[in-house]
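In: Using only what follows, build the 3D model:
(2 chains)
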Amino acid sequence: MSQINTAKLKASNRQAGRKIGGTVAIFIFLTVLGLFMAMPIYLTVIMSIKPVEELFIFPPKLYAVRPTLDNFRDMFEVLHQNRVPFSRYVFNSIFVTLTVTLCQCVFASMAAFVLAKCKFPGSRLLNHIIVIALLYQSNVIYIMQYMVMAKLRMIDTYAALILPSIASPMGLFLMRQSISQVPDSMIEAAKVDGAGYFRICWQIVMPNQKPALMTLIIFAFQAAWNIQTGALVFQEQYKTLPTVVTQAASSGMARAGIAMAAAVFMLIPPIIVFMIAQKQVIETMAHSGIKE
Amino acid sequence: MAQNNTEKKSSSLWHSIKQNKACYAMLAPFMIFFIVFTVVPVVMSLPMGFTDFNMAQPPKYVGLSNYTTLFLSDKIFIRSIRVTLVFALFTGPISYILCFLLAWLINELHPKLKTVFTLIFYAPSMANVYTVWQLIFSGDMNGYLNSFLINLGLINAPVQWLTDGRYVLGVTIVVQLWISLGAGFLALRAGFQNIDRTMYEAGAIEGIRTRWQELIYIVIPSMGPQLMFAAVMQIVSSFTAGTVAQNLVGFPSTDYKAHTIMTHAYDYGWVRYEMGYASAICMILFVVMYALNRLISKLLSKYMD
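Out: The predicted model follows:
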């Protein structure tokens, strides 16, 4: 299977008029720009493994002379001083993140399919409302959202962290745009074969939407992973990692190194998810037959 | 007769609703959460711009006075409009073009390199690294940029990048550009991956010879929906930017040089608790973004279904 894949991928690189020189030029251009883009993140990682005395030497060095994990150790020490065991925060974060990601992807995909491909009373209006929801940013919304949550007695529960993030207009918009490219003839053919909308969505449309779906997973995971509990949750046992890690980075031994360690620590899971999902995107070969 | 007509109309509407009940059922899970946590709060917040609301007492209706104050006597608001426009003009189009250009160039490479480069360019929008930018632009000799420039002999004394009114907006724009290869960029990458292979083959047969021709005749026409998505994301991120400036050059920034409309709304909403006024500010911003969105969707309409 993997052999077939690589063969296919190789074939894909032999497209119209590809000169090797052009490809090399692109590679060099991207590398130079990439180095520039990666610099701040590289510095973050370096700073997180620098011992305290190296943070303020002049001129600042681009590497750590004596790398150490002290910053990480100190950060975890602060985290372990809380009344709730550290594993509880890890569980909270994983539970919240997975629930939000799963619900967001399933609900948004179904709704996007309907909005992109079905004509029914209200479909134009709903399509319009999604874009408006994306564009309307106001700090008053959060207050109103809080009032709604308070009315529903959700404050200080997992529900306050999970439910508001499930319906993301951005995720729906992304999937809707992508599904709108599926040819109508494919859906008509499935209808003739007697498939209902639910089956058409999950068995015919979604298997061809891997790139968009994987991209949605990246967005959803990243957003859910970074949910700050803020005023939604007061009890320690419902707090998530971003909240306590930010607290640890700014309390007690506040120093740049710990903030960097916190940033690096929080970045690892989203990067892992990104790599897995992105690999799926790139393996996707839109093959003939699914399109007109 | 007229009554008969409306009756007919409403019964046929009811009929087509019933016919499409599968559609509504599939929309329901999303819509329930969307209505409760987005639509209801948005609708509740719309009239706030016409009120005086300090969160302690119930909102009081004041008509258009928030809007007249904004345009006629709030000098900082007028200044923030200019800052926002400059900011959006620099970050919006540039990062939109960058998103597309980089997504395309990455697409030309070997699959293994694709993942690596996509990660490098996307990583900044995953990370929370204001601290490191503060160290880079730090005003003493320890700042990376200052020490670099001093070593090269370009400057003699450290420059106050984060507090000097001449630089704050520029610094904010650079950092915003750095984090701006986000949702739009990834959506475009996914779009490139989803273009049908046979389209390229057909193009080659019909005489497409170079990457450029392929880009213009095959790629762009089949990426309309993704281009629109990226445009909307770019409008939102360039017009509602504010957190970058607040984290980087302080709040308020020197001489309000990096004071965007969103920062102004933050100031009134969360510092002074004048939510009615803050609401009015956000409303004006929304109207501008909505108009721009209509314009762009007109421009891209020929690539859409």
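In: from here on, contacts and neighbour counts on C-alpha atoms
Out: OK.
In: and the residue nearest to residue A:103 when sequence neighbours are not counted, what does it touch?
Out: Spatial nearest neighbour of residue A:103, excluding adjacent residues (C-alpha to C-alpha, 6 or more residues apart in numbering or on different chains): residue A:166 at 6.1 Å. Residues near residue A:166 by C-alpha atoms under 8 Å, 6 or more residues apart in numbering or on different chains: A:100-101, A:103-104, B:30, B:33.
In: residue ranges of the helices in the stretch 151-292 of chain A, please?
Out: A:158-166, A:169-179, A:184-192, A:197-199, A:210-225, A:241-250, A:256-283 (DSSP state H, counting those that start in this stretch).
In: And stretch B:120-127, how far out from the chain middle?
Out: 16 Å (C-alpha atoms, centre = their mean, to the nearest Å).
In: What of stretch A:53-66?
Out: Put simply, stretch A:53-66 sits 33 Å off its chain's centre (C-alpha atoms, centre = their mean).
In: ok, now stretch A:133-148?
Out: Distance of stretch A:133-148 from the chain centroid (C-alpha atoms, centre = their mean) equals 21 Å.
In: can you list the residues that contact that stretch?
Out: For stretch A:133-148, contacts defined as C-alpha under 8 Å, 6+ apart pick out A:169-170, A:232, B:36-42, B:44-45, B:232, B:236, B:240, B:265-266, B:269, B:275, B:278-279, B:282-283, B:286, B:289-290.
In: if we go to 7 Å?
Out: Taking contacts as C-alpha atoms under 7 Å, 6 or more residues apart in numbering or on different chains, the residues outside stretch A:133-148 that touch it are A:169-170, B:37, B:41-42, B:44-45, B:236, B:275, B:279, B:282, B:286, B:289-290.
In: Number of residues surrounding residue A:98?
Out: Neighbour count for residue A:98, taken as other C-alpha atoms under 10 Å in any protein chain shown: 16.
In: does it belong to a helix or a strand, and which?
Out: Residue A:98 belongs to helix A:86-117 when assigned by DSSP states H and E.
In: That helix versus helix A:210-225: what angle between them?
Out: If you take axes from the mean of the first three to the mean of the last three C-alpha atoms, to 10 degrees, helix A:86-117 sits at 140 degrees to helix A:210-225.
In: Helix A:86-117 versus helix A:184-192: what angle between them?
Out: 90 degrees.
In: can you tell me which of the contacts of stretch A:133-148 are in helices?
Out: A:169-170, B:41-42, B:44-45, B:236, B:275, B:279, B:282, B:286, B:289-290 (DSSP state H).
In: Could you list the low-confidence segments of chain A?
Out: A:1-17, A:58-59, A:251-255, A:285-292 (pLDDT under 70).
In: And the helices in the stretch 151-300 of chain B, which stretches?
Out: Here the stretch 151-300 of chain B has its helices, by DSSP H, counting those that start in this stretch, at B:168-179, B:183-193, B:197-205, B:211-214, B:224-239, B:243-248, B:261-266, B:275-299.
In: Spell out which parts of the stretch 151-292 of chain A neighbour chain B.
Out: Remark: the part of the stretch 151-292 of chain A in contact with chain B comprises A:164, A:166-167, A:174, A:177-178, A:197, A:211-212, A:215, A:263, A:267, A:278-279, A:281-282, A:284-288, using C-alpha under 7 Å from any C-alpha of the partner chain.
In: What subset of those is buried?
Out: The neighbour-count test (16 or more other C-alpha atoms under 10 Å in any protein chain shown) applied to these identifies A:164, A:166-167, A:174, A:177-178, A:197, A:211-212, A:215, A:263, A:267, A:278-279, A:281-282, A:284-286 as buried.
In: Within range of chain A, give me the residues from the stretch 1-150 of chain B.
Out: The stretch 1-150 of chain B comes close to chain A at residues B:17, B:20, B:22-23, B:26-27, B:29-30, B:33-34, B:37, B:41-42, B:44-45, B:105, B:109, B:111, B:115, B:120-121, B:127-129, B:132-133, B:142, B:144, B:147, as judged by C-alpha under 7 Å from any C-alpha.
In: Apply the buried test to these and list what passes.
Out: Neighbour counting by 16+ other C-alpha under 10 Å classes B:17, B:20, B:23, B:26-27, B:29-30, B:33-34, B:37, B:41-42, B:45, B:105, B:109, B:111, B:115, B:120-121, B:127-129, B:132-133, B:142, B:144, B:147 among the residues of the stretch 1-150 of chain B next to chain A as buried.
In: Return the subset of these lying in helices.
Out: Cross-referencing these against helices under DSSP H gives B:17, B:23, B:26-27, B:29-30, B:33-34, B:41-42, B:45, B:105, B:111, B:115, B:120-121, B:132-133, B:144, B:147.
In: Pop the domain breakdown of the chain in here.
Out: Going with chain A. Following automatic domain parsing, chain A resolves into domains at A:2-69, A:76-283.
In: Correction: the question concerned chain B.
Out: Residue ranges for the domains of chain B, per automatic domain parsing: B:1-41, B:65-303.
In: Now do the longest one: distance from first to last residue.
Out: Using C-alpha to C-alpha, to the nearest Å, the gap from the first to the last residue of domain B:65-303 comes to 43 Å.
In: for it, what is the average pLDDT?
Out: Domain B:65-303 comes out with an average pLDDT of 85.
In: so how far is that domain off the chain centroid?
Out: In terms of C-alpha atoms, centre = their mean, the centre of domain B:65-303 is found 7 Å from the chain centre.
In: so how far does stretch B:268-279 reach from one end to the other?
Out: Terminal residues of stretch B:268-279 lie 9 Å apart, using C-alpha to C-alpha.
In: close to chain A, is stretch B:298-305?
Out: No. Using C-alpha under 7 Å from any C-alpha, stretch B:298-305 never reaches chain A; the gap is at least 7.5 Å.
In: So which residues make contact with that stretch?
Out: Defining contact as C-alpha under 7 Å, 6+ apart, one finds that stretch B:298-305 is touched by B:221-222, B:224-225.
In: and chain A, which of these contact it?
Out: By C-alpha under 7 Å from any C-alpha, the members of those lying near chain A are residue B:225.
In: quick one: which of the contacts of stretch B:298-305 is most hemmed in?
Out: Most neighbours among the contacts of stretch B:298-305, by other C-alpha under 10 Å: residue B:225, with 28 neighbours.
In: what's the first-to-last distance across stretch B:255-271?
Out: Length of stretch B:255-271, first residue to last, C-alpha to C-alpha: 18 Å.
In: tell me which residues of it are tucked away?
Out: B:256-269.
In: Most widely separated two among those?
Out: Largest separation among the buried residues of stretch B:255-271 by C-alpha to C-alpha: B:257 and B:269, giving 19.9 Å.
In: give me phi/psi at residue A:138?
Out: Main-chain dihedrals, residue A:138, degrees, to the nearest 10: phi -150, psi 140.
In: Could you report the neighbour count for it?
Out: Residue A:138 has 24 neighbours, counted by other C-alpha under 10 Å.
In: go on, residue A:47?
Out: By other C-alpha under 10 Å, 27 other residues sit near residue A:47.
In: go on, the one 5 residues further on?
Out: Neighbourhood size, residue A:52 [other C-alpha under 10 Å]: 17.
In: can you check residue B:241 too?
Out: The burial count for residue B:241: 23, using other C-alpha under 10 Å.
In: phi, psi of it?
Out: phi -60, psi 140.
In: distance of it from chain A?
Out: 11 Å (C-alpha to the nearest C-alpha, to the nearest Å).
In: Please give me every residue in contact with that residue.
Out: Contacts for residue B:241 were tallied using C-alpha under 7 Å, 6+ apart; they are residue B:262.
In: I'd like the distance between it and residue A:122.
Out: 33 Å.
In: Angles on the backbone of residue B:52, please.
Out: phi -110, psi 110.
In: pretty sure it is in contact with residue B:61, am I right?
Out: Yes. In this structure, residue B:52 is within contact of residue B:61 by C-alpha atoms under 7 Å, at 6.4 Å.
In: okay, those two: which has more neighbours?
Out: Neighbour count, other C-alpha under 10 Å: between residue B:52 and residue B:61, residue B:52 has more, with 22 against 15.
In: coming back round to it: turn the contacts of stretch B:298-305 into JSON lines, including distance to residue B:188.
Out: Shown next, in JSON lines, are the contacts of stretch B:298-305 (distance: C-alpha to C-alpha, whole Å):
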{"residue": "B:221", "distance to residue B:188": "13"}
{"residue": "B:222", "distance to residue B:188": "11"}
{"residue": "B:224", "distance to residue B:188": "10"}
{"residue": "B:225", "distance to residue B:188": "9"}
